[in-house]
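*Asks:* What would the 3D arrangement of this be:
(one chain, ligands or ions: 1)
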Amino acid sequence: MVPADGALWRVRQTVHFRLHFTATQRSVALDLADWLEGKVPTVIQVVGHEPGERTNLYLFPTYEEFEAVSGGELDPWVVGLALPHRRLIWLPPQRSKAEFRVVALHEFAHVAWQAAVGEAESPPWLHEGVAKYLSRDFTLADRRLLERAAASGTLLSLDELNEGFPHDAARASLAYAESYTFVDFLLKRFGSEALGRVARPMRTGRSLGEAVEQALGVDLRAFQAEWFAHIRQTYRHQALWDSLEMVIFAAMSLLALVAFLQGLRLRRARWERLEEGE
Ligand SMILES: [Zn+2]
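*Replies:* So this is what the prediction gives:
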C-alpha cells in the first residue's frame with residue numbers, strides 16, 4: 001500500500017485504529033484518530049459488540065490515489081470506502097475536518113456492524129442505516145425526502161429496500177434516509193441495546209426477520225407498519241407546509257391583484273381630476 005507519489009505512509013495508532021497518512025494529511029490524521037477513538041464506546045453500545053482487532057484507515061493525499069486503490073472509476077459522490085470484512089477504510093481528501101469526521105465514522109460503523117454480525121451478510125440497506133445513524137448524518141434534505149414520500153404514500157417498503165438501492169438518485173437518497181429512521185426507530189421502540197440483540201441471532205445465520213422475531217419478539221411485517229406510522233407521524237410537516245405555502249401564495253396573488261386594481265382606480269381618479277381641472 002504505497003501512494004503513487006512514493007510518499008511514505010506515517011502511522012498513528014490508537015486502541016481501535018491504525019491511521020495511515022502522508023505528511024500533507026498529518027493534522028487531519030491526528031484530529032481524526034483521537035476523535036474516532038472517542039466515538040468507539042457509542043458505536044459498541046449500538047452494535048452490541050466490541051470490534052476487537054484494529055481497523056486500518058488510509059487517508060489518501062489525492063482523490064486519484066483513492067480511486068486507483070479502489071480499483072476503478074468511482075461515482076463522483078463516493079467520498080469514502082470501507083471493506084468491513086477486512087477492517088479496512090479508505091478516505092480521499094474531504095472539504096473540512098468536520099466532513100472527515102462524518103465520513104470516517106460512517107465507514108467505521110460499517111466495520112463495527114460487520115464485526116457484530118460476523119460472517120453473516122447484513123442487508124445492505126441496514127448496513128447503511130447503521131452507518132448513517134452512528135455518524136449522525138441526517139440532513140434537512142433527508143427530512144424533506146421523508147416528508148414528501150410519507151405525504152404521497154411512496155415510502156420504500158422493506159421488500160423494496162431488500163431489492164437493492166434504486167438507480168434513481170432521489171429514490172436512492174430516500175432509501176438511505178429510510179434506513180436511518182429504521183435504526184433510529186428500532187432503538188427508540190426497543191431500547192438502546194435492540195440492534196445488538198438483533199445482531200446476535202444474525203451472527204448464527206438467522207435472517208433479519210428471524211433475528212428481529214427471536215430477539216425482540218415482534219414480526220418484521222408488524223414492525224414495518226409501526227415504523228411507517230412513525231415516519232408519517234414524525235415527518236408530516238412538509239405536506240402541511242406545502243399547503244400553507246399554497247395559501248400564502250394565493251393570498252399574495254390576491255393582494256397583488258388588489259394593489260393593481262387600486263393602482264388602476266387611483267390613476268383613473270387622477271386622470272379624471274386632471275380632465276376636470278384643465
Ligand atoms: Zn455506507
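
*Asks:* going forward, measure contacts between C-alpha atoms and count neighbours the same way
*Replies:* Will do.

*Asks:* What ranges does the stretch 51-200 of the chain have for its strands?
*Replies:* Under the criterion DSSP state E, counting those that start in this stretch, the stretch 51-200 of the chain contains strands at 55-59, 81-83, 88-91.

*Asks:* what lines up beside the last one in the sheet?
*Replies:* The pairing partners recorded for strand 88-91 under DSSP bridges are strand 55-59 (parallel), strand 81-83 (antiparallel).

*Asks:* Make a markdown table from those and add distance to Pro93, mean pLDDT and mean neighbour count to it.
*Replies:* What follows is the strands paired with strand 88-91, written out as a markdown table (distance: least, Cα to Cα, whole Å; pLDDT from 0 to 100; neighbours: other Cα atoms under 10 Å):
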| stretch | distance to Pro93 | mean pLDDT | mean neighbour count |
| --- | --- | --- | --- |
| strand 55-59 | 7 | 98 | 23 |
| strand 81-83 | 12 | 96 | 18 |
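
*Asks:* mind putting those in a markdown table, distance to Gln262 included?
*Replies:* As requested, the strands paired with strand 88-91 are exported to a markdown table (distance: least, Cα to Cα, whole Å):
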| stretch | distance to Gln262 |
| --- | --- |
| strand 55-59 | 66 |
| strand 81-83 | 63 |
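
*Asks:* The strands of the stretch 51-200 of the chain: which one's closest to Arg232?
*Replies:* strand 81-83 (32.3 Å; Cα to Cα).

*Asks:* For the closest one, give me every contacting residue.
*Replies:* Leu88, Ile89, Trp90, Leu91, Glu107, Phe108, His110, Val111 (Cα atoms under 8 Å, 6 or more residues apart in numbering).

*Asks:* By neighbours, which of those wins?
*Replies:* Greatest neighbour count in the contacts of strand 81-83, by other Cα atoms under 10 Å, goes to Phe108: 30 neighbours.

*Asks:* ok, that one to His85 distance?
*Replies:* Distance, Phe108 to His85, using Cα to Cα, to the nearest Å: 12 Å.

*Asks:* Relative to Gly38, which of the strands of the stretch 51-200 of the chain is closest?
*Replies:* Nearest of those (Cα to Cα): strand 55-59, 14.5 Å.

*Asks:* How far does the closest one sit from its chain's centre?
*Replies:* 21 Å (Cα atoms, centre = their mean, to the nearest Å).

*Asks:* wouldn't Val111 be in contact with Arg87 here?
*Replies:* Yes - under the criterion of Cα atoms under 8 Å, Val111 makes contact with Arg87 at 5.6 Å.

*Asks:* Export the strands of the stretch 51-200 of the chain as TSV, with columns for distance to Gln13.
*Replies:* Rendered in TSV, the data for the strands of the stretch 51-200 of the chain read as follows (distance: least, Cα to Cα, whole Å):
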stretch	distance to Gln13
strand 55-59	9
strand 81-83	18
strand 88-91	14
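
*Asks:* and Pro201, which of those strands is closest to it?
*Replies:* Per Cα to Cα, nearest to Pro201 of these: strand 81-83, 22.6 Å.

*Asks:* Helices of the stretch 1-150 of the chain, start to end?
*Replies:* 26-47, 63-69, 97-117, 124-134, 140-152 (DSSP state H, counting those that start in this stretch).

*Asks:* low pLDDT regions in the stretch 151-278 of the chain?
*Replies:* 237-246, 264, 266-278 (pLDDT under 70).

*Asks:* Try it again at 80.
*Replies:* Low-confidence segments of the stretch 151-278 of the chain (pLDDT under 80): 237-278.

*Asks:* Helices along that one, start to end?
*Replies:* Under DSSP H, counting those that start in this stretch, the stretch 151-278 of the chain gives helices at 158-162, 169-190, 194-203, 208-216, 220-234, 237-277.
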